[in-house]
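Asks: Kindly return the folded structure for what I paste below:
(chains A and B)
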Amino acid sequence: MSSLISRKRSGTIFWVLSQNSGITAQSVPFLPFSSLSEPQPGDQQPSRSFDFTNPVQNHTVPESAFLTTSLETSKTPSGCHCYHTLSSCFSGSGSKHGVLSSGHSVSRINISGSEHGGRLPFSLFRRFSTATAIEPSTSDGLTVSGIIAHDWTILDESENDWKSHAAAIAQSIHVIKKRLQWKKMMVRLDVLSAELNKPDLWNDPVHAGKVSREHGSLMGKMKGVKAFEQELLEHIDMIKLAREENDPELESESLKALLKMRRKSKEKELEALLSGEQDPCSCYIEVQAGAGGTESMDWAAMVMQMYKLWAQRHGYKITVVDEMSGEIAGIKRATIKVDGEYAFGYAKAEVGVHRLVRISPFDSNKRRHTSFAAVAVIPILGDGSTRVQINESDLRIERFRAGGAGGQHVNTTESAVRIVHIPTGVTATCQNERSQHQNKASAMAVLQSRLDQLEMARQAQMNAQHTQSLTDITWGSQIRSYVLHPYRMVKDLRTSYEVSDPDSVLEGDLDGFIMSHLSASLDKDDNL
Amino acid sequence: MRLSFTIGHGVPKFSLFLRPTLSRHLHRPIYSSSTLPSPTSQNPQTPLFLRPPTHRATFSDLRKWQNWAKTLALSVGSSFVDMDNGPDSTLLCRELKWLIEDVTEDGSISETLHNEEPERTVRLRVGLEELYKLWKQRIEERRPFQYIVGCEHWRDLILCVQEGVLIPRPETEKIVDLVGDLFSDNQGLREGLWADLGTGSGAIAIGIGMILRNSGRVIATDLSLLALEVATFNVQRYGLQVSAGRGKKRAVFLFSDVIQLRQGSWFEPLKDVEGKLAGIVSNPPYIPSDHISGLQAEVGRHEPRLALDGGVIGMNDLLHLCKGAASMLHSGGFFVFETNGEQQCKFLVEYMETEAGDNFYNVNIVPDFAGVPRFVTGFRK
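Replies: Here you go, the predicted model:
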């Protein structure tokens, strides 16, 4: 008993993903945002109808391999059931990989059950389970996937039902694993471990550092989830124990712990949305007007303004790096720097072409116009990342200054700098800093990030996550439509998420769109 | 050692403050350690961005001012450009944005001003009325933007400037680059004594001082007392000087001063360091006298003639500097002077190579970023 409690205590979670450690239980959907943004009056808009909780939550898991397997096992005569069960697991898990291990452990229990004719002694089973470390389970063999497979009804939090809590937490774990791209992560971990075991690894310290950093980060994520699973199962054990020993105090304590976990698991689900390597980075957001003259330049300016307001809501620092105004109104293109944690993770959901339909204020005939603006998002890699080495001699630095004598003759605040990276033709311009020196530094920073991005794209074509640069974005890759006339609606073409109040969206209320896209792109079963 | 020192004196903070200066004391000659008079007379004006945000306005009023100012800026079109190569509307609008950055407590609101709640108040560093006045001065009187906000962003520095002090030019940033490049492969010069003659706002001296930090020293001179006041303010703001000293007092470096300011014309206040300088840098007045009246309004009408007018052909001061450089620099010492352009550069190179005796080597012309031959550099044999 005492050992159990100590285990429970030592099971305190190391949740590596919890970047927003300040999060307490708040209204769930906007958690990461509300924690990032400074409290602003008037900013506490209620969430729209969109529900960020994962679809799995309300999704009935089909008659799972878990039940099928155990049924089959019990039918099978002992002696050959082991193979049979495993194969049935495999066939049963074709689409649902996660079930594999659960089926496995269930079959083991049944094996032992048939051998001993009853439940294994508690301690014995424990040792076995931890020794194999395949999938943790409770004393009576219940695993996380097992819980999901049970399809226990998830009741409201206020209902003090442990099964309901457990089911909710288990499904969250399921969602978190998908979002972390669990399967890919395991493969990657194997690759990295193999690298780390190479004796000559440290001959290249830069590479070695990178490998060990990534390994550490993935291990942390994995251990975080495993520890969370473990904690869930231990609480369930405690509840069962409490019932057996008729200890209502322990039971209610464990129930409370489960409820706490349930709340926490919702936060973790959201955090897991931003588990990409570059997600924590700051970023540049670039907007470019499509064809169509003043109307589309005005639209580009509106889109840029939308991001400035969005960034402001979240307490990110905004700096205009480059801005090319239209002749009459709007912008031809602009680049802003968005400084803050997870700026890239969120903003990357905005990459693509944004379409506007409205009656143009620039058309004297009041006709309806459709215009486009392209958005690119570039991560600003942290110091830890390997960045592209830029050769000073590969650069051509151009300064815009009025001709004439210069020097003491001229007093101008114009100090724009444009840098061309000759080998790639990549350019960066900055004119919004107040000194030439700073403009050059800013333009270099943009250039560096652009080249980094180019390199990442080159290296990781297989990694579909890389965002494209502005020039790569074809005008066909429309992601969202903003209709102001004849009806009013903003609709994301990727997720079908829509809002009927375009003004609020243009005022930077983009979280619904961003989160729905992020979850839609990660919550695929093949990620598990 | 440090511990016992601290305990012994019983004033930990003081001892920590003293510790770095103590070692310097041992290695560096200190000309005098007498206490220096603090600056008196004209106190420099505080630039807008350093003033306390004690004024208030509603967003709606601030926006109203912004719209008015923008309309005024747009009305300029390219008329100033046509007139005297002055600023166009685009540049003026950018300056307007910077002005808002400097006067609001939270500078970043300039990006989102139009979406703020109209009735919310915003804290300002100057009153709204003053803002109307300032922008009017900018457009109607062509008062330089840098004097309006009281500062110039130069390299990675923000230097305070005001009427009577030349606004540092972006071209001059290069002088610091040249000196910095020199330091990377000449440790001897890095540890030496440098002089910035006619320092104005202190720009070059501070730029070099930031690179030198704890190795060498810079003496910055100016004839103008006002310039020295402003330079002192800037030097202190960047922590390069703790005490202020000037005039005939021969107290050179007081403890941790990287930069010392002295008043006087060119080499006149530097008699005590003759032949001891590792480097001389200067951006002296070089505009020919008869060009002054045709200058861009921001320059000709507002900036100090003392810092611009270089005499009939603009070379009075440059020649004076070249003449003095040989006796002031120690062997291997470096000089860089900014000039009006190709003609002056060529003239100086010829002068240094021939008439200045056989005193210099590696005399070169270095162009500015626009490709204009701008600087003359060389080394003392």
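
Asks: and the stretch 1-150 of chain B, which residues reach chain A?
Replies: Those residues of the stretch 1-150 of chain B that sit near chain A, judged by C-beta under 8 Å from any C-beta of the partner chain, are B:81, B:85, B:87, B:90-91, B:94-95, B:98, B:108, B:111-112, B:115, B:117, B:144-146. Every C-beta, even on glycine, is put in place using the N, C-alpha and C of the backbone.

Asks: repeat that with 7 Å
Replies: Contact residues, the stretch 1-150 of chain B versus chain A (C-beta under 7 Å from any C-beta of the partner chain): B:85, B:87, B:90-91, B:95, B:98, B:108, B:111-112, B:115, B:117, B:144-145.

Asks: now, the most widely separated pair of those residues?
Replies: Using C-beta to C-beta, those span at most 41.9 Å, a distance reached by B:85 and B:117.

Asks: Name the residue in those two with the higher neighbour count.
Replies: Between residue B:85 and residue B:117, counted using other C-beta atoms under 10 Å in any protein chain shown, the more crowded position is residue B:85 (18 against 11).

Asks: Distance check, the more buried one against residue A:271.
Replies: 56 Å (C-beta to C-beta, to the nearest Å).

Asks: How many neighbouring residues does the one residue in chain A that gets nearest to chain B have?
Replies: Nearest residue of chain A to chain B (C-beta to the nearest C-beta) works out as residue A:434 at 3.4 Å. Using other C-beta under 10 Å, the number of residues around residue A:434 comes to 22.

Asks: surely it meets residue B:99?
Replies: No - with contact defined as C-beta atoms under 7 Å, residue A:434 does not count as touching residue B:99 (11.2 Å).

Asks: Tell me the residue of the stretch 201-350 of chain B that sits nearest chain A?
Replies: residue B:298 (4.3 Å).

Asks: Am I right that that residue sits in a helix?
Replies: Yes - under DSSP: H, G, I helix; E, B strand; the rest coil, residue B:298 sits within a helix.

Asks: Please state the backbone phi and psi of the residue of the stretch 151-300 of chain B found nearest chain A?
Replies: Taking C-beta to the nearest C-beta, chain A has its nearest neighbour within the stretch 151-300 of chain B at residue B:153, 3.4 Å off. The phi and psi torsions at residue B:153 (degrees, to the nearest 10) take the values phi -90, psi 120.

Asks: residues touching it, list them.
Replies: Neighbouring residues of residue B:153 by C-beta atoms under 7 Å, 6 or more residues apart in numbering or on different chains: A:434-435, A:438.

Asks: Now, these that are in helices?
Replies: Of these, the ones assigned to helices by DSSP state H are residue A:438.

Asks: Give me the next element, helix or strand, following the strand or helix carrying residue A:184.
Replies: If you go by DSSP states H and E, residue A:184 is part of helix A:182-197. As assigned by DSSP H and E, the chain's next helix or strand after helix A:182-197 is helix A:205-244.

Asks: Does anything pack onto that following helix? Which helices or strands?
Replies: Counting by 3 or more C-beta pairs under 7 Å, 6 or more residues apart in numbering or on different chains; DSSP states H and E, the packing neighbours recorded for helix A:205-244 are helix A:2-10, helix A:162-179, helix A:182-197, helix A:248-272.

Asks: least reliable of those helices going by mean pLDDT?
Replies: Mean pLDDT is lowest for helix A:2-10 among those, at a mean of 39.

Asks: and the helices and strands packed on helix A:205-244 as a markdown table, adding mean neighbour count and distance to chain B?
Replies: Listed next are the helices and strands packed on helix A:205-244 as a markdown table, based on neighbours: other C-beta atoms under 10 Å in any protein chain shown; distance: least, C-beta to the nearest C-beta, whole Å:
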| stretch | mean neighbour count | distance to chain B |
| --- | --- | --- |
| helix A:2-10 | 11 | 41 |
| helix A:162-179 | 24 | 32 |
| helix A:182-197 | 14 | 37 |
| helix A:248-272 | 19 | 26 |
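
Asks: packing partners for the lengthiest helix in chain B?
Replies: Identified as the longest helix of chain B according to DSSP H is helix B:59-76. Counting contacts by 3+ C-beta pairs under 7 Å, 6+ apart, helix B:59-76 packs against helix B:89-103, helix B:128-140.

Asks: rerun that using 10 Å as the cut-off
Replies: Using 3 or more C-beta pairs under 10 Å, 6 or more residues apart in numbering or on different chains; DSSP states H and E, the elements in contact with helix B:59-76 are strand B:55-58, helix B:89-103, strand B:121-124, helix B:128-140.

Asks: returning to that earlier point: list just the nearest of the contacts of residue B:153 to residue B:326.
Replies: Taking those together and measuring to residue B:326 by C-beta to C-beta, the closest member is residue A:435, at 34.1 Å.
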